[in-house]
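Peer 1: Model the following, please.
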Amino acid sequence: MSAIFFGSIGTIADTSELQRQAFNQAFALHHLDWNWSREEYVTLLEKSGGRKRVEDYAKSLGQAVNAEAVHSSKSEIFQKSLREDPLEPRLGVVEVIQKAKQTGLRLALVTTTSEQNVLSMLEALRKDIDASDFDLVVSASNVERSKPAKDAYDFALKELGQMPDSCVAIEDNLGGLEAAKLAKLTCVAFPGENTAHHNFDAADLRVSHLDFEHLQRFL
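Peer 2: So this is what the prediction gives:
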């Protein structure tokens, strides 16, 4: 193993409920009578992409909605909540980052969310994790196609000069898992609270917390 790729902000901190609440606040702001319950949101998370999620939901209701504007409002609300609400890293994340650095592994955060979402999350976690801990941070600004396309992983591999068979991707959602497998990466599923019931059978390993020695033994 020469590199670890954290595949989303959700693999660092479980922000899913903050995001659901931000969606619902954005819907109210845009005078939409939508309200995504947790149960409904869990199902919607089976597909990647917040803006696309809004588009598809509007289409299913036969409504015309400016999905870009709604998603932009959601992002602003979500980023505000990251500044104001306490946020903790997920189990084992800090230890894996520290031990990876101690052993000379490359570390990357490989997402296709917005750069501002990534920066806001890292700022919220600054007492435990520093942006400089990562050799590379990939966001939507670096690629044309979002996950489940493999572009973000291809970009990370090229930038860090790595081969897929020596890297492990950690993913918390099915779109990310698909992207990792398309890029021929070993993928560890690390589902969050709202993705725990999704089918991660295509992953090479599924864990409820991260453990560096376990990752080493597995690989």
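
Peer 1: who's in contact with stretch 122-134?
Peer 2: Residues outside stretch 122-134 that contact it (C-beta atoms under 8 Å, 6 or more residues apart in numbering): 12-13, 82-83, 87-89, 93-94, 97, 101, 107-109, 119, 137. Where C-beta positions appear, they are placed from N, C-alpha and C, glycine not excepted.

Peer 1: Of these, grab the buried ones for ChimeraX.
Peer 2: Provided next is the ChimeraX selection string for whichever of these are buried by 16 or more other C-beta atoms under 10 Å:
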select :12,13,82,87,89,93,94,97,107,108,109,137
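
Peer 1: biggest helix in this structure, by residue count?
Peer 2: Counting by DSSP state H, the longest helix found in the chain is helix 67-84.

Peer 1: Just after that one, pick out the following helix or strand.
Peer 2: With elements assigned by DSSP states H and E, the helix or strand that comes after helix 67-84 is helix 93-102.

Peer 1: quick one: contacts of that following helix?
Peer 2: Contact partners of helix 93-102, identified using C-beta under 8 Å, 6+ apart, comprise 4, 6, 11-13, 107, 128-129, 133, 210-212, 215.

Peer 1: Please flag which of the residues you listed sit within strands.
Peer 2: Among these, the members found in strands (DSSP state E) are I4, F6, L107.

Peer 1: My guess is the last one contacts M1. True?
Peer 2: No. Contact between L107 and M1 fails when scored by C-beta atoms under 8 Å: they sit 11.5 Å apart.

Peer 1: what's the closest of the ones in strands among the contacts of helix 93-102 to E193?
Peer 2: If you rank the ones in strands among the contacts of helix 93-102 by distance to E193 using C-beta to C-beta, F6 comes first, at 17.3 Å.

Peer 1: mind listing what that closest one touches?
Peer 2: Contacts of F6 by C-beta under 8 Å, 6+ apart are I12, V93, L107, A108, L109, V110, I170.

Peer 1: Remind me which helix or strand L122 belongs to.
Peer 2: Assigned by DSSP H and E, L122 belongs to helix 115-124.

Peer 1: which element follows that helix toward the C-terminus?
Peer 2: strand 136-138.

Peer 1: The residue nearest to L87 when sequence neighbours are not counted and I77, how far apart?
Peer 2: Of all residues not flanking L87 in the chain, A124 sits nearest, at 4.3 Å (C-beta to C-beta, 6 or more residues apart in numbering). In this view, A124 and I77 are 14 Å apart by C-beta to C-beta, to the nearest Å.

Peer 1: L174 too?
Peer 2: Taken as C-beta to C-beta, the span from L174 to I77 is 25 Å.

Peer 1: who has more neighbours, those two?
Peer 2: L174 (22 against 19; other C-beta atoms under 10 Å).

Peer 1: Now do the more buried one, the pLDDT please.
Peer 2: The per-residue pLDDT reported for L174 equals 96.

Peer 1: quick one: contacts for it?
Peer 2: By C-beta under 8 Å, 6+ apart, the residues touching L174 are E46, K47, S48, P148, T195, H198, N199, F200.

Peer 1: G176 is in contact with the fourth one, correct?
Peer 2: Yes. Proximity of P148 to G176 meets the contact threshold set by C-beta under 8 Å, at 7.5 Å.
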